[in-house]
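Enquirer: Got a predicted structure here, sequence first:
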Amino acid sequence: MVTRMSGGPEILLHVDRGHPETLASQLRAGLRDAIRSGRLMAGTRLPASRVLAEDLRVSRGVVVEAYAQLVAEGFLVTRPGSGTLVSDVAGATPEHSSWWHRRDQQHHRLWRPELDLRPPGPDPTLFPRSQAVRTMTEVFRHLPAAEFGYTGPWGVAALRRQLEFHLGRLRAAMAPADGIVVVTGLTQALTVIARTLATAGYDHVAVEDPSAPVQRHLLQVHGLKPIPIPVDEEGLDVGLLATSGCRVVLTSPSCQFPTGAVMSAARRARLLEWAVANRALIIEDDQRADFHFDRPALACLQGMRPEHVVLIGSVSTTLAPAMRLGWIVPPPQLLQAIAETKRDDDFGTAVMEQYALASWLESGQYNRHVRRARRSYAMRRAALSRQLHQYYPQWAQRGSPAGLEILLELPGSLSDQHVAAHARQQGLGITPLSPMRISTAGPPGLVLSYARLTPRHCADAVQRLELALQAVMTEERTLAAAAIPAQEQEWHLTSADWPAAPDDFYP
Ligand SMILES: Cc1ncc(COP(=O)(O)O)c(C=O)c1O
């Protein structure tokens with residue numbers, strides 16, 4: 001019998017009338033077990049004796065007797081006004097809590113730097129909270145009861161309709177509402193696409209080098225082997241892609257992470273030609289298209305060759321990763337298979353958030369928010385870029401004025417991981433470039449996100465970076481003077497700094 005604790009959780013208690021033990025004795029034993037095992041935690045309020053007696057269909061006296069006994073034993077306490085509670089002493093620690101020891105408790109993301117320049121993600125303080133409160137209140141108030149069920153793998157029709165207008169207008173995509181699958185973000189988009197392609201017999205996928213480790217991880221665990229293709233200032237090297245033998249490529253022409261490269265017109269044309277000539281598929285990651293600061297983003301590739309491109313995007317950079325909302329626009333021939341994979345994954349994306357986003361898109365609030373955020377990020381980018389230039393005029397800042405990061409190239413003699421470790425000691429979170437490289441060699445660098453860096457804190461951040469760089473240079477000079485062999489000079493961070501754990505795949 002599941003008994004409702006008044007104002008508290010439910011607890012499973014049994015009494016068996018056929019059992020030789022008395023009902024009060026069974027109830028005492030049941031409560032003791034629940035407290036010892038941690039199912040009833042310290043401070044939990046028990047139901048009133050009358051309520052528990054009703055639920056268990058025993059007389060109230062049986063419950064009163066059991067409670068009194070457990071109070072006497074110290075398992076329970078009574079407090080005027082609060083009723084009967086599990087005592088702090090008896091219920092302090094669940095017996096088996098150590099079984100569920102989570103690896104991410106030591107995870108570096110739990111480290112909160114005073115200044116955080118680590119990608120990805122937007123500035124959460126820009127999130128339009130009051131607008132969200134109003135919209136969500138409306139959604140919960142007015143959503144028809146039928147919409148509280150499973151809405152299917154495609155996503156809410158109202159959102160798909162708005163995405164059709166939005167992606168058509170701003171990205172020149174060919175994305176009819178019936179050709180869109182709403183997902184929980186780019187992560188699920190890549191998961192679903194990889195699984196669908198692996199089931200269809202694909203086994204390799206070309207990926208950009210360098211790129212976010214999360215992308216190749218997702219493709220790999222879902223059955224596609226990533227083949228690295230170098231990226232330069234014009235974007236993915238399509239010549240090398242053509243010789244790779246791959247028939248699927250994941251690329252981000254609008255703004256590559258972490259190099260910030262925007263694919264040139266010549267490369268875009270060659271990439272589409274390659275796809276047509278090889279009957280190949282381009283997975284177009286459009287995540288960073290909303291943040292271009294000198295001119296609007298170029299139209300997406302998908303609109304030009306929808307039969308060869310899967311367009312994917314999410315609101316994780318525009319609103320917040322916590323929204324868990326994104327989309328896939330597959331070519332017609334893959335649409336059904338992708339929707340079925342999504343269905344098998346989770347039966348559909350959370351509905352209320354979909355209605356909220358549909359409403360923001362329809363009212364224009366979403367675009368107003370993105371424009372406001374873009375203005376802030378443009379100022380933050382300019383401030384960081386200026387500061388970096390003052391300190392390091394000879395070091396290149398790579399990438400177009402787009403995205404949410406600046407890639408600061410370091411001299412080849414410096415280890416970017418070493419710099420990141422020293423920055424950590426200065427309370428500054430930065431991301432080294434080298435772990436994002438797969439097999440293409442290149443200079444070390446720092447991927448610096450300005451999304452959360454207000455101009456007020458910019459000078460402070462660069463001063464901390466300078467202290468870290470000074471420390472690294474001093475150490476490296478000392479090592480060189482002591483003529484320590486190059487191999488030993490290589491810096492390896494401890495797992496607390498940069499662990500290669502699966503949950504570390506976000507850069
Ligand atoms: C660079 C980067 N950041 C973040 C994410 C997570 O995106 P989302 O929140 O849309 O799942 C991904 C997923 O592939 C990514 O590649």
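Expert: Looks like it came in fine.
Enquirer: Now do the phi/psi pair for the closest residue to the ligand within the chain.
Expert: Nearest residue of the chain to the ligand: G185, at 2.6 Å (C-beta to the nearest ligand atom). (Glycine included, C-beta is placed from N, CA and C.) When read as degrees, to the nearest 10, the backbone of G185 gives phi 150, psi -180.
Enquirer: Give me the number of neighbouring residues for the residue nearest to L281 when sequence neighbours are not counted.
Expert: Nearest in space to L281, with sequence neighbours left out and distances taken as C-beta to C-beta, 6 or more residues apart in numbering, is V248 at 4.7 Å. The burial count assigned to V248 is 22, neighbours taken as other C-beta atoms under 10 Å.
Enquirer: Test for you: state the pLDDT assigned to V248.
Expert: On pLDDT, V248 comes in at 98.
Enquirer: quick one, what contacts it?
Expert: Applying C-beta atoms under 8 Å, 6 or more residues apart in numbering to V248 gives the contacts 197, 202, 204-206, 224, 280-283.
Enquirer: Ok, S385 next?
Expert: If you count contacts by C-beta under 8 Å, 6+ apart, then S385 has 397, 406 around it.
Enquirer: Equivalent analysis for the one 10 residues further on, please.
Expert: For W395, the residues meeting the contact criterion (C-beta under 8 Å, 6+ apart) are 388, 408-411.
Enquirer: was I right about L433 contacting L407?
Expert: Yes - with contact defined as C-beta atoms under 8 Å, L433 and L407 form a contacting pair (6.7 Å).
Enquirer: Against A158, how distant is E307?
Expert: When C-beta to C-beta, to the nearest Å is applied, the distance between E307 and A158 equals 27 Å.
Enquirer: Those two - which one has more neighbours?
Expert: Applying other C-beta under 10 Å to E307 and A158 shows that A158 carries more neighbours, namely 17 against 14.
Enquirer: now the residue of the chain closest to the ligand: how far from G313?
Expert: To G313, G185 is 9 Å away according to C-beta to C-beta.
Enquirer: ranges for the strands of the stretch 51-200 of the chain?
Expert: Secondary structure of the stretch 51-200 of the chain, counting by DSSP state E, counting those that start in this stretch: strands at 76-79, 83-86, 115-116, 181-183.
Enquirer: quick one: strands adjacent to the third one?
Expert: Pointing back at strand 115-116 there. The sheet places strand 115-116 alongside strand 428-429 (parallel), with pairing taken from DSSP bridges.
Enquirer: list residues touching both of L433 and L407?
Expert: 258, 445-447.
Enquirer: Packing partners of the longest strand seen in the chain?
Expert: Across the chain, the strand with the greatest residue count (assigned by DSSP state E) is strand 225-232. Here strand 225-232 is seen to pack against strand 204-209, helix 213-221, helix 238-244 when contacts are counted using 3 or more C-beta pairs under 8 Å, 6 or more residues apart in numbering; DSSP states H and E.
Enquirer: Which is the succeeding secondary structure element to it?
Expert: Downstream of strand 225-232, the first helix or strand assigned by DSSP states H and E is strand 235-236.
Enquirer: Assess the claim that G30 and V15 are in contact.
Expert: Yes - G30 lies in contact with V15 (C-beta under 8 Å); the separation is 7.4 Å.
Enquirer: Out of the two, name the residue with the larger neighbour count.
Expert: Each of G30 and V15 has its neighbours counted (other C-beta under 10 Å); V15 has more, 20 against 17.
Enquirer: For my notes, confirm that one occurs in a helix.
Expert: No - read with DSSP: H, G, I helix; E, B strand; the rest coil, V15 is coil and lies in no helix.
Enquirer: So it is in contact with Q26, correct?
Expert: Yes - because the distance of 4.8 Å satisfies C-beta under 8 Å, V15 is recorded as touching Q26.
Enquirer: one step back: and the furthest pair within the shared contacts of L433 and L407?
Expert: The distance between the two most remote of these (C-beta to C-beta) is 9.6 Å, for P258 and L446.
Enquirer: Stretch 350-361 near the ligand anywhere?
Expert: No - counting by C-beta under 6 Å from any ligand atom, no contacts exist between stretch 350-361 and the ligand, the nearest distance being 13.0 Å.
Enquirer: Now do that stretch, average pLDDT.
Expert: Stretch 350-361 shows an average pLDDT of 98 in the prediction.
Enquirer: May I see the buried residues of that stretch?
Expert: Going by neighbour count (16 or more other C-beta atoms under 10 Å), the buried part of stretch 350-361 is 351, 353-361.
Enquirer: how about the residues of the stretch 51-200 of the chain near the ligand?
Expert: Within the stretch 51-200 of the chain, the positions lying close to the ligand (C-beta under 6 Å from any ligand atom) are 120, 185-187, 190.
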